[in-house]
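Predicted structure and sequence below. I'll ask about it afterward.
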Amino acid sequence: MRALVLTDFHRLDLVETARPEPGPGEVLLRLCATGICGSDFHGFTGDNGRRAPGQVMGHESSATIAALGDGVDAAALPLGAPATFNPVVVPPEQAEEYRGREQHAPGKHVIGVARDIQASFADYVVVPSRNVLLLDPAMPLELGALIEPLAVAVHAVRLGRPAPEEKVLVIGGGPIGQSVVIALKRAGVENIALSEMDPRRRELVASLGAQVLDPSAGSTADLVAEALGGPADLAIDAVGLSPTMADALSATTLGGRVVLVGMGSPRLELPAFAISTEERTVVGSFTYSAQDFADATAWIGEHAEEVAPLVSAVVPPERAQEAFTALAAGKGPAGKILVRFDEGRFDEEGAAV
């Protein structure tokens, strides 16, 4: 089979390697498409310290079930069925204690981040059966690769607790910000503004039904007040830099809430009085619970046409190096790039050729 190996920072090589086999309680997935996450291309450059040379990355994926390990229920996970996987893997002995907050389990690992586990920029990947979710067979299979970023957004929105009538600001119009807009709409929120420098991303987000703001046109607080009819009740920062957090705080009402989901910098400088004396709440958001992921999976199955605009490009593995390099240089498209593995590479028995 083929796999994209990070042979060095700024270097991805498509190599031939042995197909993995599922062990007890595991499932072999034949990959259809895997999205390039911001953490992937920052790992590609070495900027975030969360990827390492020799690693096969990838965690936003759609697939079909190719083989089952011993003990896996074939009725629940039938061969050939369309599927995705939740990359947050919790040890079975911690599953009950951390149910509903799986991302907090101290023994967890994340497929695509864990350096010693082959992930899904490849023809095949092995995952625990408990992490496999079936997809609606009526939806385009490649769109299953959008479930993971939508689950991130669903979790961030739930932490923000917006009421349908509230005013919400989203900062950052990349794939996570775009997904946050969709998750807010799913939660019944209509009065949404999104701040983004890139005009192509503003155009895409406007098509999703949010008002779009150019932060270079004035102070974010003034732009938000004009667009929403007053300061935001909730701001969701999908960038995670000191200036964007300062904008989130300045544009929210006294006593407002800010959710930090972007990870643009490991350290932030915050205007402390905007939190303490003005009684704003700042909440961190990381990945999702198993329920968030399951809810995102079910929702996309019924609303595929609403998420389809988030895909800007689909490339074969042979062009992955080019796509990663463009993203790392800030020259990528407005939306998500999917790397598609399933076109013309399998024989009748599902083996890679």
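Done, it's in. Residues are numbered from 1 along each chain as shown.

Next, the distance between the ends of stretch 67-82.
With C-alpha to C-alpha, to the nearest Å as the measure, stretch 67-82 spans 13 Å from end to end.

Can you point out the buried residues in that stretch?
For stretch 67-82, the neighbour count (16 or more other C-beta atoms under 10 Å) marks 67-69, 72, 77, 82 as buried. (Each C-beta comes from the backbone N, C-alpha and C, glycine too.)

Show residues contacting that stretch.
Residues outside stretch 67-82 that contact it (C-beta atoms under 8 Å, 6 or more residues apart in numbering) are 21-28, 32, 62-66, 83, 129, 132, 134-137, 139, 141, 144.

Only whichever of those are buried, select them in PyMOL.
Buried residues within these, by 16+ other C-beta under 10 Å, are selected in PyMOL with:
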select buried, resi 22+26+27+28+32+62+63+64+65+66+83+129+132+134+135+136+139+141+144
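
In strands, which of the contacts of stretch 67-82 appear?
Secondary structure from DSSP state E places 26-28, 32, 62-66, 83, 132, 134 of those in strands.

Touching, residue 202 and residue 173? I think so.
Yes: Residue 202 is within contact range of residue 173, at 6.2 Å (criterion: C-beta atoms under 8 Å).

Compare these two (neighbour count), which wins?
Neighbours were tallied for residue 202 and for residue 173 using other C-beta atoms under 10 Å; the higher tally belongs to residue 173 (31 against 20).

which of the ones in strands among the contacts of stretch 67-82 lies closest to residue 248?
Taking C-beta to C-beta as the measure, residue 248 sits nearest to residue 62 out of the ones in strands among the contacts of stretch 67-82, at 32.5 Å.

Name the nearest residue to that closest one, ignoring sequence neighbours.
The shortest distance from residue 62 to any non-neighbouring residue, by C-beta to C-beta, 6 or more residues apart in numbering, is to residue 144 (2.8 Å).

quick one: that neighbour and residue 133 touch, right?
No: in terms of C-beta under 8 Å, residue 144 does not count as a neighbour of residue 133; the distance is 9.0 Å.

what sits in contact with each of these two?
Residues touching both residue 144 and residue 133 (C-beta under 8 Å, 6+ apart): 83-84, 297.

want to try JSON lines for the residues you listed, with pLDDT and distance to residue 273 as columns?
Converted to JSON lines, the shared contacts of residue 144 and residue 133 look like this (pLDDT from 0 to 100; distance: C-beta to C-beta, whole Å):
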{"residue": "83", "pLDDT": "98", "distance to residue 273": "49"}
{"residue": "84", "pLDDT": "98", "distance to residue 273": "44"}
{"residue": "297", "pLDDT": "98", "distance to residue 273": "42"}
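
and which of those residues is nearest residue 257?
Taking those together and measuring to residue 257 by C-beta to C-beta, the closest member is residue 297, at 26.8 Å.

any idea which element that closest one lies in?
helix 290-302 (DSSP states H and E).
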